[in-house]
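*Asks:* Let me see the structure of the following:
(chains A and B)
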Amino acid sequence: MSPPLVVVGLSHHTAPVDVRERLALPETSRTELLQAMAQAPAEALLVSTCNRVELYVVGPWPDLHDRTHAALANAAGNDLAPFLYAHHGEAAVLHLFRVAASLDSMVLGEPQILGQVKDAFEQAQKLGAARGELARICAAAFGSAKRVRTETELGRAATSMASAAVEMARHIFDGLEGKTVLLVGAGEMAELAGKHLVSAGASKVLVTNRTLERAEALAASLNGQAVPFDRMNESLILADVVVCSTASPSPVITKEMVASVLKPRKHRPLFLVDLAVPRDVDPAVHDLEGVYSYDVDDIQKVITENQAARAAAAAKAEVLVAEEVARYIRQRALREQVPVLAQLRARAEQIRRAELERALSNLPAPLTPEQAKVVEAMTSAIINKMLHQPTAKLRAVQSGESELADAAAELFGLDGAARKAGEG
Amino acid sequence: MVRTAFALAFHLYALGALAYLSVLAQGWRGLAWLARGLTFAGWVLHGVGLVMLFSQQGWVPNGFGQAVSLLAFLLVAIFLAVDLRARAALLGAFLSPAAVAVLVPSLWMEGPAPELAEGLRQPLLPVHITVALAGLAVFGVATGVAGVYLAAERMLKGKRFGPFFRRVPSLELLDDLNRRLVAWGFIALSLTLLTGAWVQARIRPAERWGPAELAVVVAWIAFGVLLQARIFAGWRGRRVAILTMAGFGVLVVSFVSRYGPWVTR
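*Replies:* A predicted model of the protein is given here:
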């Protein structure tokens, strides 16, 4: 039997940003929605990020999907219907696992989504909206996301210019802490790269530009220092990472300039990223010992390699996630079967005791304690041997085969309603 | 008993090396700890075997096989320490197969030697041999690190950003490891020369220094100059990596001329 889970929602796959914006529900309506949907015995989880809004509900009702759909549409406006998707049972479990593992994200493998799902789960727990099966599904989803993170390279490769530049820097320097960044040019590109490098740990930012005012403005926003353009050589002595993005038609950093600063730099490695077209850095600079210079095409090559690596990792991750879903389904089936087994054993034991008592009371003379023990052991052995095969089969039952449990309940006249209630 | 310990250690090292190689091939981080665990278990067994063996023969290795076994033991110890400190499991893909290869000849090693002759029983002799082999092992690891450095730098200079590229440690980390290892190796070499001179003065005062000793002196001078150049002239990176490998080559010549299987004692 598949888990009674339904998910209704929309994401960047189905809805444009102006629709997603409207579903950015305030805290109070999210709480209300969760509380409304999680009336016992139902449970609910609301995942709400800038790229998706999804309502997961576990409940016993046959019209679970309609109720969930209506609740979400109510909260955000009825014209959402064309953008909403829904999954049921095992497909819904798979969807949650894929979302948590960042396989459904806009940027494959981006690391924030797992934290966002975890926050949503914590909120649901606080409100008492995730108690039983839903909590177990979430725990399994988090476990599978962790496996994806440790066993595949999904999310370990940068896919934007600025982040690829930071990744390249990490191949030369053991972290950017204590390193000095020189931004040559003060445009948008420089700002983006500067922000990335600072958030990656770079300690000092120097900004130089032909018009000093613009350098000063960017330096102020990055908490750095502006330096005059004609003092480039001094800046090159201090810098570890240089990012160029000027509109100059000819190179602003030549091989001779860099060669002349190698000695005062004490041969510290120098990493140059040239984001400008036409190029700001003479390509011959790359030939100097300890100097590593890359242009837009080189960085693009890194990005392309990374995208390929991500696609390969994503394929591997899909297999892992499918495995984890199967495992969850199997464990759930096991949990479901235990009450059947327990009932079967209890019924058999009840019959054995009753028959044993009747037989013993019909005897002309009471048995000696030794004789009574032998008879007792014999009846137990019969029951155990009879039930051995059914017990083993029910324990080993795989996902999707819980018809066997239903059949056992039917054959042995076990109480079906009680069995359902027994699922933990 | 000793033989069983060595054979088991060898197999554990080999499995560890395979695990390290899969880290390189697959980029699966969980495997790194399996590789470290296997290698460490092999190392412990190896150590037990060596203690049992050397305790029977006055703590002095006898012949090529035993010397190589002790060398591999020290190599793995230093490599594990470096791997744990720098978390650079990728080095293992280069160094642990090397350790396994070094161990191969020791599988046919000589049994326990008879008691040392009276004249050779010098308390400093085991110290001299251990320090000498430790120095060689340190430079062995430094050479592995230098090899990875050269490979990483080739990828950066050649602008080849394939799957291996993403798994190599940073140039700065590798260069810093080289600096530390060469400094420690230089100290070990200095002690080797001091203790060696002392031991030789006791055992064979009349004999002159042979090629093994001279090679160590050459390596000692070379590494001394290298350290000076690093500190005062800012030498680093590629040229230091190449010089480290060359210095290690000289030391290997010295080791082989002292312990090589063709050396009669």
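*Asks:* How about A:Ala42, nearest residue that isn't a chain neighbour?
*Replies:* Closest residue to A:Ala42 apart from its sequence neighbours, by C-beta to C-beta, 6 or more residues apart in numbering or on different chains: A:Gly59 at 3.5 Å. C-betas here are computed from N, CA, C, even on glycine.
*Asks:* ok, the one you found touching A:Pro41?
*Replies:* Yes. Counting by C-beta atoms under 8 Å, A:Gly59 does reach A:Pro41; the two are 6.9 Å apart.
*Asks:* the more surrounded of the two?
*Replies:* A:Gly59 (22 against 13; other C-beta atoms under 10 Å in any protein chain shown).
*Asks:* Any idea how many residues pack against the spatially closest residue to B:Pro169 that is not a sequence neighbour?
*Replies:* Of all residues not flanking B:Pro169 in the chain, B:Ala88 sits nearest, at 4.5 Å (C-beta to C-beta, 6+ apart). B:Ala88: 20 surrounding residues under other C-beta under 10 Å.
*Asks:* Report the contact partners of B:Ala88.
*Replies:* Listed by C-beta atoms under 8 Å, 6 or more residues apart in numbering or on different chains, the contact set of B:Ala88 reads B:82, B:169, B:173-174, B:177.
*Asks:* now A:Leu182
*Replies:* So A:Leu182 contacts A:206-208, A:235-236, A:238-239, A:241-243 (C-beta under 8 Å, 6+ apart).
*Asks:* Name the helix or strand for residue 9, please.
*Replies:* As the question left the chain open, I've gone with chain A. Following DSSP states H and E, one finds A:Gly9 within strand A:5-11.
*Asks:* Correction: the question concerned chain B.
*Replies:* In this structure, B:Ala9 sits in helix B:2-26 according to DSSP H and E.
*Asks:* buried residues in that helix?
*Replies:* B:2, B:5-6, B:8-10, B:12-24, B:26 (16 or more other C-beta atoms under 10 Å in any protein chain shown).
*Asks:* Pick out the residue of the stretch 201-350 of chain A closest to chain B.
*Replies:* With C-beta to the nearest C-beta, the shortest gap between the stretch 201-350 of chain A and chain B falls at A:Lys266, namely 3.7 Å.
*Asks:* what about that residue, how many neighbours?
*Replies:* When neighbours are counted by other C-beta under 10 Å, A:Lys266 registers 12.
*Asks:* I'd say it and B:Phe232 touch.
*Replies:* No. Contact between A:Lys266 and B:Phe232 fails when scored by C-beta under 8 Å: they sit 9.9 Å apart.
*Asks:* Could you name the helices and strands sitting against whichever helix or strand B:Leu189 is part of?
*Replies:* Element membership for B:Leu189 (DSSP H and E) is helix B:171-203. Contacts defined by 3 or more C-beta pairs under 8 Å, 6 or more residues apart in numbering or on different chains; DSSP states H and E place helix B:171-203 against helix A:161-172, helix B:63-86, helix B:124-158, helix B:211-233, helix B:237-259.
*Asks:* element containing B:Arg36, please.
*Replies:* Going by DSSP H and E, B:Arg36 is in helix B:29-55.
*Asks:* Which residues does the lowest-mean-pLDDT helix or strand in chain B contact?
*Replies:* Within chain B, no helix or strand scores below helix B:89-103, which has a mean of 78 by mean pLDDT, DSSP states H and E. Residues from elsewhere that reach helix B:89-103 (C-beta under 8 Å, 6+ apart): B:9-10, B:13-14, B:16-17, B:20-21, B:23-24, B:29, B:32, B:35-36, B:39, B:68-69, B:71-72, B:75-76, B:79, B:82-83, B:140-141, B:144-145, B:147-148, B:167-169.
*Asks:* roughly how far apart are the residue nearest to A:Ala42 and A:Ala36?
*Replies:* According to C-beta to C-beta, to the nearest Å, A:Gly59 stands 12 Å off from A:Ala36.
*Asks:* any idea which helix or strand comes after the helix or strand harbouring A:Leu183?
*Replies:* Assigned by DSSP H and E, A:Leu183 belongs to strand A:180-184. Going down the chain from strand A:180-184, the next helix or strand is helix A:188-199, by DSSP H and E.
*Asks:* So that next one, near chain B or not?
*Replies:* No. Against chain B, helix A:188-199 shows no contacts by C-beta under 8 Å from any C-beta of the partner chain, the least distance being 15.2 Å.
*Asks:* How far off centre is that helix?
*Replies:* The chain centre lies 27 Å from the centre of helix A:188-199; the measure is C-alpha atoms, centre = their mean, to the nearest Å.
*Asks:* What is the neighbour count of the nearest residue to A:Lys255 once chain neighbours are set aside?
*Replies:* Counting by C-beta to C-beta, 6+ apart, A:Ala284 is the residue found nearest to A:Lys255 once chain neighbours are left out, at 4.4 Å. Applying other C-beta under 10 Å, we find 14 residues neighbouring A:Ala284.
*Asks:* A:Ala284: what secondary structure?
*Replies:* Per DSSP: H, G, I helix; E, B strand; the rest coil, the secondary structure class of A:Ala284 is helix.
*Asks:* For it, give its distance to A:Ile253.
*Replies:* Distance of A:Ala284 to A:Ile253, given as C-beta to C-beta: 11 Å.
*Asks:* Next: B:Leu136.
*Replies:* 45 Å.
*Asks:* again with B:Leu75
*Replies:* Note on B:Leu75: its distance to A:Ile253, by C-beta to C-beta, is 44 Å.
*Asks:* These two: which has the busier surroundings?
*Replies:* Set B:Leu75 next to A:Ile253 and count neighbours by other C-beta under 10 Å: B:Leu75 wins out with 26 against 23.
*Asks:* quick one: low-confidence parts of the chain?
*Replies:* Chain wasn't specified; assuming chain A. With pLDDT under 70 as the threshold, chain A has low-confidence stretches at A:1, A:78, A:156-159, A:337-338, A:397-402, A:415-424.
*Asks:* ah, no, chain B please
*Replies:* Within chain B, the segments meeting pLDDT under 70 span B:27-29, B:106-121, B:260-265.
*Asks:* Residue of the stretch 101-250 of chain A closest to chain B, please.
*Replies:* Proximity of the stretch 101-250 of chain A to chain B (C-beta to the nearest C-beta) peaks at A:Asp174, 4.1 Å away.
*Asks:* So that residue belongs to a strand, correct?
*Replies:* No. Secondary structure of A:Asp174 (three-state DSSP): coil, not part of a strand.
*Asks:* Isn't it up against B:Leu173?
*Replies:* Yes. Using C-beta under 8 Å, A:Asp174 makes contact with B:Leu173 at a distance of 4.1 Å.
*Asks:* Comparing those two, which shows the higher neighbour count?
*Replies:* B:Leu173 (21 against 18).
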